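K.L.:
Structure of the sequence below:
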Amino acid sequence: MATSASHGQALDPEPTAPRQNPGGRRRPWSRRGDRADLGSLGHPLLSAPAVLLVLVFFVAPLIVLLAYSLWPTVEGEIVHHWTFENYSRALSTKTYLPTLLRTFWFVGLSSLITVVLTFPFAYYVALRVRPSRRIILILLAMLPFFTSYLIRVFAWLNMFGEKGIINEALTRIGLISKPLEIFGFDRPAIVITFVYLLFPLSFLASYITLERMNPTMLEAASDLGAGNIRRTVRVVLPFARTGLLAGFIVSFIAMAGDYVTPSLIGGTEGIFYSNLIVNQFGASLQWGFGAALGIVLLVSVALLLIVLRRLTGTVESAGEYTRQYQRVRSPFLTAYAVLFNIFLYTPVALLIFFSFNEEPAVGFPFHGPTLMWFETALNDTVAIEALETSLTVAVVAVGVSLVLGTMAALYLARHKGFWRNFSFASISAPMLLPPVILGIAIIIGLNALSVERGLWTIIVGHIVIILPLTTLLILSRLEGLDVNQELAAMDLGAKPWKALVRIALPQAFPAIIGAAMIGFAMSMDEFILTFLVTGSQTTLPLYIYSQLRFKLTPELTAISTLMLTASFVLVLLGAMIALGRRQRQQLTRS
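P.N.:
Residues are numbered from 1 along each chain as shown. Purely as a prediction, here's the structure:
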C-alpha cells in the first residue's frame, strides 16, 4: 500500500492543459489530444464516490479519534469534558514514551537493515539481468508478499526458540552444544522477522527506481576513472535515493503499527507501542487514553517522515524506463541473489516440509510422509467457516475497490486542477497510516454512533485499505494511454461510454487484473485492522492467530501449506496471463 504512495510523484504527472481548436473541430490524431473533449469520461463526479468513501470511513473516524483523545474515560465510559489529561499521562508516564522510542528504534533498525540488504539484489535485477529474464526474479522476490503475513510469522516462529529448528539443526550437526540466545524468542528474533517480512516491499521500491537508470552513466563514470565503490557512492546511490527512502518509509509504516509479530516472536520483550494502544480497547476500556496514544503515534510517524524528506531532499527526475543492462558477469551479485532467495524461501519450505510429518509436534525428527494433517484441516468446520468469511470479504471489498478505483483513475488521468489534486490526495491518504490507527479510529467512530460492528465493518475497512492501491495501479496504466484513440472513436460516432468500454478499459485491463490480484491477497491476509473492527465474525487470519497464541500444531502447518499453494498458483497464473498478453501484442505489432 505505501509503495505506490511513495511513488506518487512517478504515478501522478500533471496532464497537459486542454488545447482549443480554432476551427471548432476535434483533431483526434493531434499529439496533444484534448482531454476535455472526452466529455463524461472525464467528469469530476467519477472520483466523487471514492473520495466520499474515504472522507466518511477514514477522515471522519480520525476526527472522532482526535475528539476522544481529549475526553477522559471514567469507569469505562467516555466523559464529554475537554482536557489534555490523556496526553499528559501518555507523555509523562515512564511506560508509554520509552516504549514508543524503543518501538521506533526497532522498526527503524529493521527498515534500515532491510533497505541495505535488498539494494544489491534490486541493483542486480535492474541493471545486470537481461530484461526478458527479470520477470522471473521479480516474481521470486514478490511471491512472499502474496502469502499470508501470519503464515510468514508462523514460519519464523518454528525457527526460533531453544527447541526451534535453527538451534535443533545446529545442535544435531555438532556446531553448538547449547541453544544460542540470538535465535531465542527475544529482540534479535523480532528484528530478523521484521526484515524477512519487509524484504519484498523494500526490494520493489528500490527496483522501480533503479530500472530507470541508464547503464551508460556507470560506463561514463568508469571511463573517468571511478572504481566500483566510488561509482556506487557518487552515481548509483544518489540516483536511487528516492527508491531507498521509499523503501524505508513503506517498511517503517508497515511495521510501526504491528502488534502481532512482537507478541508472538519477542516473548516477554515483545511489548511494542501498538500493543499498549490495543490493550486500551480491551478489558481496560480506556478508550480516551487509547485514542490519545494513537494520535501520539500518528503525529510521531508524520514528523519522522517530514524530517526524513527534508534530510534527503528531492530529485528532479527519476529518468525514463530503459531496457538496457550491463553485459558483464557479476559473480558476487549472482551469489548474493541466490542467498537472497534462499533466505526468503527456507522458512516457508520448512513449514511445507513439516506439514507432511507424522509427528504431533512441529519440527524434528521427521517421520512420514503423511496426509493426515491435511485431512484434519479440511474437516475442521471452524476453519472452513473462517475461510468462507474471508472469501466473502475479499470478493466484495475487491469488487467495490475496482469499480470506484477505475472511475476515479479515469478522471485523474484526464484532468488537472484543485478537484483532481484533492481527489488524488484524499484517495491516497490511507496508505500513509498504520492499519492499527485506522482500526481504532473506525471502532471509536462506530462507538460514537452506537453502531454495532459486524461483517460490513470488516468489508469497509478492507475497502479503505485496498482502494488507494487499486486507484494508483489503474491510474499508472491509464496515464500511459493515448486519449486520441478515444477522441477518434467519438469522431466516428461512438458515444463516450462506448469509447470507454471498447478502447480505454481493454488497454487498462492488465492493471485492473493486477490490482484485483494484489487487492485480493491483501484482503485475505489482513489481520491487524480486521482484529479491531470485527464483530463476532472470524476470518481465516483471525483463526490462524487464535491457534498460534496457544500451540503450534501440524494441522496449522497443513492449513498454511494449502494457503501458500493457493497464493503461488494465483500469482503464477496472473504472471502467465500477463506474459501471454505481452507476447500476443508483440506478435501483432510484428
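
K.L.:
For the stretch 101-250 of the chain, which segments are assigned as helices?
P.N.:
Along the stretch 101-250 of the chain, the segments classed as helices by DSSP state H, counting those that start in this stretch run 131-142, 149-159, 165-172, 187-210, 216-223, 228-231, 237-239, 241-256.

K.L.:
Quick check: mean pLDDT of the fourth one?
P.N.:
Averaging the model's pLDDT scores along helix 187-210 yields 85.

K.L.:
Check which helices and strands it is in contact with.
P.N.:
helix 2-6, helix 96-127, helix 131-142, helix 149-159, helix 241-256, helix 260-265, helix 331-354 (3 or more CB pairs under 8 Å, 6 or more residues apart in numbering; DSSP states H and E). Every residue, glycine included, has its C-beta placed from N, CA and C.

K.L.:
Nearest to residue 194 among those would be which one?
P.N.:
Evaluated with CB to CB, those place helix 96-127 nearest to residue 194, the distance being 3.6 Å.

K.L.:
Where does the prediction get shaky in the stretch 251-400 of the chain?
P.N.:
267-270, 283-284, 312-328, 363 (pLDDT under 70).

K.L.:
rewinding a little: quick one, which of the helices of the stretch 101-250 of the chain gets closest to residue 63.
P.N.:
helix 241-256 (20.9 Å).

K.L.:
now that closest one against helix 149-159, angle please.
P.N.:
80 degrees (axes from the mean of the first three to the mean of the last three CA atoms, to 10 degrees).

K.L.:
Next, the angle from helix 241-256 to helix 96-127.
P.N.:
140 degrees.

K.L.:
now helix 241-256, how far from the chain's geometric center?
P.N.:
11 Å (CA atoms, centre = their mean, to the nearest Å).

K.L.:
What distance do you get for the closest residue in space to residue 286 that isn't next to it in sequence to residue 95?
P.N.:
Nearest in space to residue 286, with sequence neighbours left out and distances taken as CB to CB, 6 or more residues apart in numbering, is residue 280 at 4.3 Å. As defined by CB to CB, to the nearest Å, residue 280 lies at a distance of 12 Å from residue 95.

K.L.:
Those two: who's more crowded?
P.N.:
Comparing residue 280 with residue 95 by other CB atoms under 10 Å, the one with more neighbours is residue 280, at 21 against 11.

K.L.:
Residue 568 versus the more buried one, what's the distance?
P.N.:
39 Å.

K.L.:
re earlier: quick one, phi psi at the residue nearest to residue 286?
P.N.:
Note on residue 280: backbone dihedrals following degrees, to the nearest 10 are phi -70, psi -20.

K.L.:
ok, it touching residue 273?
P.N.:
No - with contacts counted by CB atoms under 8 Å, residue 280 stays clear of residue 273, the gap being 11.6 Å.

K.L.:
Now do the shared contacts for these two.
P.N.:
Common neighbours of residue 280 and residue 273 (criterion: CB atoms under 8 Å, 6 or more residues apart in numbering): residue 293.

K.L.:
and of the helices of the stretch 101-250 of the chain, who's closest to residue 66?
P.N.:
Across these, closest to residue 66 is helix 241-256 (CB to CB), at 18.8 Å.

K.L.:
Just list what the closest one packs against, helices and strands only.
P.N.:
Other helices and strands packing on helix 241-256, by 3+ CB pairs under 8 Å, 6+ apart, are helix 2-6, helix 96-127, helix 187-210, helix 287-312.

K.L.:
looking at those, which is closest to residue 525?
P.N.:
Nearest of the helices and strands packed on helix 241-256 (CB to CB): helix 187-210, 11.2 Å.

K.L.:
so what pLDDT did residue 438 get?
P.N.:
For residue 438, the predicted pLDDT is 86.

K.L.:
and it, what helix or strand is that in?
P.N.:
helix 435-448 (DSSP states H and E).

K.L.:
what do you get for residue 373?
P.N.:
Per DSSP H and E: helix 372-378 holds residue 373.

K.L.:
same for the following helix or strand past that helix, what does it pack against?
P.N.:
Note on helix 372-378: by DSSP H and E, the next helix or strand toward the C-terminus is helix 381-412. For helix 381-412, the elements it packs on are helix 48-54, helix 418-428, helix 455-478, helix 505-525, helix 540-548, judged by 3+ CB pairs under 8 Å, 6+ apart.

K.L.:
Could you give me the buried positions within helix 381-412?
P.N.:
Neighbour counts over helix 381-412 (16 or more other CB atoms under 10 Å) mark 383, 386-387, 389-390, 393-394, 396-398, 400-402, 404-412 as buried.

K.L.:
tell me the angle of it relative to helix 540-548?
P.N.:
Using the same axes, to 10 degrees: helix 381-412 against helix 540-548 is 140 degrees.

K.L.:
Compute the inter-axis angle for helix 381-412 and helix 455-478.
P.N.:
Using the same axes, to 10 degrees: helix 381-412 against helix 455-478 is 40 degrees.

K.L.:
going forward can the numbers begin at 43, since that is how I track them
P.N.:
Noted, 43 is the first residue going forward, which turns the last one into helix 423-454.

K.L.:
distance between helix 423-454 and the chain's centre?
P.N.:
Its chain's average C-alpha position is 16 Å from that of helix 423-454, according to CA atoms, centre = their mean.

K.L.:
quick one, it and helix 547-567 angle?
P.N.:
Calculated by the same axes, to 10 degrees, helix 423-454 forms an angle of 140 degrees with helix 547-567.

K.L.:
my guess is residue 454 meets residue 467, correct?
P.N.:
No - applying CB under 8 Å, one finds residue 454 not in contact with residue 467, separated by 10.9 Å.

K.L.:
which ones are touching the closest residue to residue 502 other than its chain neighbours?
P.N.:
Closest residue in space to residue 502, ignoring its immediate chain neighbours: residue 99 at 5.3 Å, by CB to CB, 6+ apart. For residue 99, the contacting residues are 484, 502, 503, 505, 506, taking CB under 8 Å, 6+ apart as the criterion.

K.L.:
Please pick the buried ones from the residues you listed.
P.N.:
Buried among the contacts of residue 99 (16+ other CB under 10 Å): 484, 502, 503, 505, 506.

K.L.:
Adding distance to residue 242 and pLDDT, write those residues out as a markdown table.
P.N.:
Shown next, in a markdown table, are those (distance: CB to CB, whole Å; pLDDT from 0 to 100):
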| residue | distance to residue 242 | pLDDT |
| --- | --- | --- |
| 484 | 27 | 87 |
| 502 | 27 | 91 |
| 503 | 23 | 90 |
| 505 | 23 | 94 |
| 506 | 22 | 92 |
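
K.L.:
Roughly how far does residue 599 sit from residue 193?
P.N.:
Taking CB to CB, one finds residue 599 at 9 Å from residue 193.

K.L.:
what is in contact with the two at once?
P.N.:
When contacts are counted by CB under 8 Å, 6+ apart, residue 599 and residue 193 are jointly contacted by residue 393.

K.L.:
circling back to that earlier point, any idea how far residue 475 is from the residue nearest to residue 328?
P.N.:
From residue 322 across to residue 475, the span is 18 Å (CB to CB).
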